[in-house]
Structures are given as structure tokens and as C-alpha cells.
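>>> Fold the stuff below for me.
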Amino acid sequence: MSDATTAPAGAACALPGTSGTAVASAPAPRTWAGPNADARFEILRRTRSIAIVGASPNPSRASYFVATYLLSSSPYDVYFVNPRAEEILGRPVYPSLSALPVVPDLVDVFRRHDDLPGVLEETLAAGARTLWLQLGSWHEEVARTAQAAGLDVVMDRCVKIEHARFHGGLRLAGFDTGVISSRRALR
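Numbers count the residues shown, from 1 in each chain. As a prediction, the model looks like this:
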């Protein structure tokens, strides 16, 4: 995935993969069922603030790309969480969810699989309503624990892609929708 010309669609929102020399083991079967499109739309509709955990100041990282989109093309108040950064896109970065000046509605996670249980604990302590794990991120135990605690959970989906999908902006957001039409676009 390091070569942008060969990355699959949506890779800009995906978590960084393993090095090309590592052999990936077969993924465990997925038994947890996430929210359908209507439920994801409702989650994004009621969201006012998003905390990006694992936000990066590196423009080549997926979290930076998502942050840029959210700041420029969405109505959300966006907060960055990263204990090693001080500023991203001219905005302050907080070391943890508990350090945020607000309780975020949605926690968008760009962290490794093994870090997800800790992020869930921090999300619950912060009082957020939704835990959203980015493309490539799937942790069924975390999802079940979060749901049992009353959180909405979305896994293996990109907030940027979902927002653009529901608001007619996939084409404008850099995705080829695959739709061929002679109809003039509505303005």
C-alpha cells in the first residue's frame, strides 16, 4: 500500500499495512454485524463533534487525509488526539480523549489492533456515543464490549467515505463512483 498508484479505492482511509515482506495470516471469520447504511447515516447526522484518535501530522497518513476532508467538507467540530504531536492542520492536538475540551460524539480510531481495547476504555471514560474504527480495523471483542456499554459501533469503514457517500460527494472527494450517465449533475 505504500505505492499510491497501486492502492485500491478507499486506501487513503485505510490503516497502514504490514511491510511487503510479512505474510499475513488468514483473518478470523467475522461474526459481528455492524450497523446498516441507514443506521450509519443516522449516526453521522446526529454527530456534532469527532475526535480522531491516532491523528498524524504526516500528510501521507490516512488520518491526515480524513482530517483534511472533515475540516473542509463537513459540519463537524474536529479534535485531534495524539500524545506525540502538538499541532495538526493549525489546530491543537490533545494527548488523550480525557484532555479534550469537549465530550466528542464520535471517536474515529486510527490505531493498531492491539491498542483498540485501551482506546475503548478511554472512549467509555470520555462519554462518547460512537466508536468508529477505520478501514482495515476490526475487533469483535471491542465491538461487543462497546455495544454492551451502550455505544454505537462502526468497524472497517471510513468516516470520510461514508460522509461523502451520504452527502453526494464521493466524486468530488476523489472516488470514481463507477456511474456513467448522460444526465447533467444537479447543482
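>>> Please, which helix or strand holds residue 59?
Using DSSP states H and E, residue 59 is not contained in any helix or strand.
>>> where are the low-confidence patches of this structure?
1-27, 169-187 (pLDDT under 70).
>>> can you give me the helices in it?
Per DSSP state H, the chain carries helices over the ranges 37-46, 62-73, 116-126, 140-148, 159-166.
>>> Could you export those helices as CSV, including mean neighbour count and distance to residue 89?
(C-beta placed from N, C-alpha, C; glycine too.) Converted to CSV, the helices of the chain look like this (neighbours: other CB atoms under 10 Å; distance: least, CB to CB, whole Å):
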stretch, mean neighbour count, distance to residue 89
helix 37-46, 14, 21
helix 62-73, 19, 6
helix 116-126, 18, 21
helix 140-148, 16, 28
helix 159-166, 22, 14
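>>> got the ones you listed as TSV, with distance to residue 54 columns?
Formatted as TSV, those follow (distance: least, CB to CB, whole Å):
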stretch	distance to residue 54
helix 37-46	20
helix 62-73	6
helix 116-126	8
helix 140-148	14
helix 159-166	13
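>>> of those helices, which approaches residue 91 most closely?
helix 62-73 (8.0 Å; CB to CB).
>>> What is that closest one packed up against?
strand 49-53, strand 77-81, helix 159-166 (3 or more CB pairs under 8 Å, 6 or more residues apart in numbering; DSSP states H and E).
>>> Any chance you could give me it in CSV, C-alpha atoms only?
These are the backbone C-alpha positions of helix 62-73, laid out as CSV (Å, rounded to 0.1, in the frame of the first residue of the first chain):
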residue,chain,number,x,y,z
ALA,A,62,-4.8,8.3,6.2
SER,A,63,-5.8,10.1,9.4
TYR,A,64,-4.4,13.4,7.9
PHE,A,65,-6.3,12.9,4.7
VAL,A,66,-9.5,12.2,6.6
ALA,A,67,-8.9,15.2,8.9
THR,A,68,-8.4,17.5,5.9
TYR,A,69,-11.7,16.3,4.4
LEU,A,70,-13.7,16.6,7.7
LEU,A,71,-12.4,20.1,8.3
SER,A,72,-13.1,21.3,4.8
SER,A,73,-16.2,19.4,3.8
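>>> Quick one: distance of it to the chain centre.
With CA atoms, centre = their mean, to the nearest Å as the basis, helix 62-73 stands 10 Å off its chain's centre.
>>> same deal with stretch 121-133?
13 Å.
>>> repeat for stretch 41-61
6 Å.
>>> Could I get the buried residue list for that stretch?
Neighbour-count burial for stretch 41-61, counted by 16 or more other CB atoms under 10 Å, picks out 41, 43-44, 47, 49-57, 61.
>>> can you check stretch 91-108 too?
Buried, per 16+ other CB under 10 Å, within stretch 91-108: 93, 94, 97, 100, 104, 105, 106, 107, 108.
>>> The fourth one and residue 125 touch, don't they?
No: using CB atoms under 8 Å, residue 100 is not in contact with residue 125; the gap is 11.5 Å.
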